[in-house]
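K.L.:
my questions are about this predicted structure, shown below with the sequence.
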Amino acid sequence: MTKKESGITNHDLHVNTEIFEIRSYLNSTEKDSLLYDEKGFDKRIAVIDFMEFYVIDRIETLLQKTDQPGELILLKYSAQKVKSELEEIDVNLFQKLQARIRTGGSTGKEFKNLVNEYINFNLEDNEHQEEPEYDNLDVFINGLSPFQTMPEQTKDLEPEMVYYQKTPARIVFELVEKAHFLKEDVFFDLGSGLGQVAILVNLLAEITVKGIEFEPAFCNYARDCAAELNLPNVTFINVDARKADYSEGTVFFMFTPFRGEILQEVLAVLRQESLLRKIKIITYGPCTAQVALQSWLHSAAPEDGNIYKLDIFTSL
Ligand SMILES: C[S@@+](CC[C@H](N)C(=O)[O-])C[C@H]1O[C@@H](n2cnc3c(N)ncnc32)[C@H](O)[C@@H]1O
């Protein structure tokens, strides 16, 4: 019997093949025990993404093209169920990890080891990034935040002020590795946004950290996160970086929070601090070029024109 005689069209065959493939994928996903183990975080992220942006999308497209939706509706229900089961594992995982941080049970090397249990990352991959690059380590670190909804900006920035963008988490891990912090160091993040850099530095290096942020809503969010995670040595100050009190600071980080005159003014304030004690300034992004021109600062690494890498400057 030909296809024509059986009444099966090319379109039906195509839909059936797609249904078969999706069903096979769902079956293999449900049987993959690593995905249902909390340690399978890395793999889970990929599957949740694939489920949302490929499988469910694909079923929806097929649903629009068929007049016999029964099986596709069941398949969509199965895909959504698998996706929400996997998401639930991560919700529970992060609640558990937040509780562990709250008790002070995971700082310094222990915190780094804890992250390594869930995410494989190699800091050497940080070299030669042409723009800030985010990956599963960011998804993991975002998950540790007790609040997931970013607050609305309430104040207009001046033209030389730079809008909020997060430093990639892997860059913060690299910063802690390269900064060689002493336990008495006090770290400042200038333009601390939602507070992630300051909080991570505190967790990884076990030193006192302070965030300086112009936007009150970001500052409040960061304070709430630090309070919820029970991190007493993390403080956020809602002030323009030109007017902040840096008298306790020894290491200052800038992911290009401002440019031009504002940057020059802040550097002049930091220079005054450097007359009282040696300080380090760590930069990431385009502000590095202006910082590199300061005659009172020295960098051990030669300028190589690579904007998105860390540079460490020490006062003379
Ligand atoms: C590129 S983001 C960096 C955020 C954060 N340091 C991080 O890496 O995740 C720049 C931040 O600087 C803040 N900012 C801009 N101008 C500022 C100023 N004059 N004083 C304090 N914060 C400022 C912005 O509101 C924004 O949150």
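P.N.:
Arrived safely, thanks for sending.
K.L.:
what parts of the stretch 1-150 of the chain come near the ligand?
P.N.:
By Cβ under 6 Å from any ligand atom, no part of the stretch 1-150 of the chain sits against the ligand. For glycine as for every other residue, the C-beta is placed from the backbone atoms N, C-alpha and C.
K.L.:
tell me which stretches of the stretch 1-150 of the chain form strands.
P.N.:
For the stretch 1-150 of the chain, no strands are identified by DSSP state E, counting those that start in this stretch.
K.L.:
can you give me the helices in it?
P.N.:
3-6, 10-31, 33-36, 41-50, 56-65, 70-102, 109-118, 136-144 (DSSP state H, counting those that start in this stretch).
K.L.:
can you mark which positions in the second one are buried?
P.N.:
Residues of helix 10-31 classed as buried by neighbour count (16 or more other Cβ atoms under 10 Å): 15, 18-19, 22, 25-26, 29.
K.L.:
on that earlier part again, highest mean neighbour count out of the helices of the stretch 1-150 of the chain?
P.N.:
helix 136-144 (a mean of 19; mean count of other Cβ atoms under 10 Å).
K.L.:
which other helices and strands contact that one?
P.N.:
helix 41-50, helix 70-102, helix 109-118, helix 169-179 (3 or more Cβ pairs under 8 Å, 6 or more residues apart in numbering; DSSP states H and E).
K.L.:
can you do 10 Å?
P.N.:
helix 41-50, helix 70-102, helix 109-118, helix 169-179, helix 196-205 (3 or more Cβ pairs under 10 Å, 6 or more residues apart in numbering; DSSP states H and E).
K.L.:
for that helix, list the C-alpha coordinates in PDB.
P.N.:
C-alpha atoms of helix 136-144 as PDB (Å, rounded to 0.1, in the frame of the first residue of the first chain):
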ATOM      1  CA  ASN A 136      27.100  27.900  34.900                       C
ATOM      2  CA  LEU A 137      29.200  29.300  37.700                       C
ATOM      3  CA  ASP A 138      27.100  32.500  37.500                       C
ATOM      4  CA  VAL A 139      23.900  30.500  37.500                       C
ATOM      5  CA  PHE A 140      25.100  28.700  40.600                       C
ATOM      6  CA  ILE A 141      26.200  31.900  42.500                       C
ATOM      7  CA  ASN A 142      22.900  33.600  41.500                       C
ATOM      8  CA  GLY A 143      21.100  30.600  43.100                       C
ATOM      9  CA  LEU A 144      22.800  31.300  46.400                       C
END
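K.L.:
residue of the stretch 101-250 of the chain with the smallest distance to the ligand?
P.N.:
Nearest residue of the stretch 101-250 of the chain to the ligand: Gly191, at 2.2 Å (Cβ to the nearest ligand atom).
K.L.:
shaky segments in this protein?
P.N.:
Applying pLDDT under 70 to the chain flags the ranges 1-12, 126-127.
K.L.:
mind putting the buried residues of helix 10-31 in a markdown table, distance to Leu72 included?
P.N.:
Formatted as a markdown table, those follow (distance: Cβ to Cβ, whole Å):
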| residue | distance to Leu72 |
| --- | --- |
| Val15 | 8 |
| Glu18 | 9 |
| Ile19 | 7 |
| Ile22 | 9 |
| Tyr25 | 14 |
| Leu26 | 13 |
| Thr29 | 18 |
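K.L.:
of those residues, just say which sits nearest to the ligand.
P.N.:
So of these, ranked by how close each gets to the ligand (Cβ to the nearest ligand atom), first place is Thr29, at 34.1 Å.
K.L.:
isn't the closest one right up against Leu35?
P.N.:
Yes. Applying Cβ atoms under 10 Å as the test, Thr29 and Leu35 come out as touching, 6.5 Å apart.
K.L.:
where do the contact lists of these two overlap?
P.N.:
47, 82, 85-86 (Cβ atoms under 10 Å, 6 or more residues apart in numbering).
K.L.:
and the two most separated of those?
P.N.:
Val47 and Glu85 (10.8 Å; Cβ to Cβ).
K.L.:
where do the contact lists of the two overlap?
P.N.:
Common neighbours of Val47 and Glu85 (Cβ under 10 Å, 6+ apart) are 29, 35.
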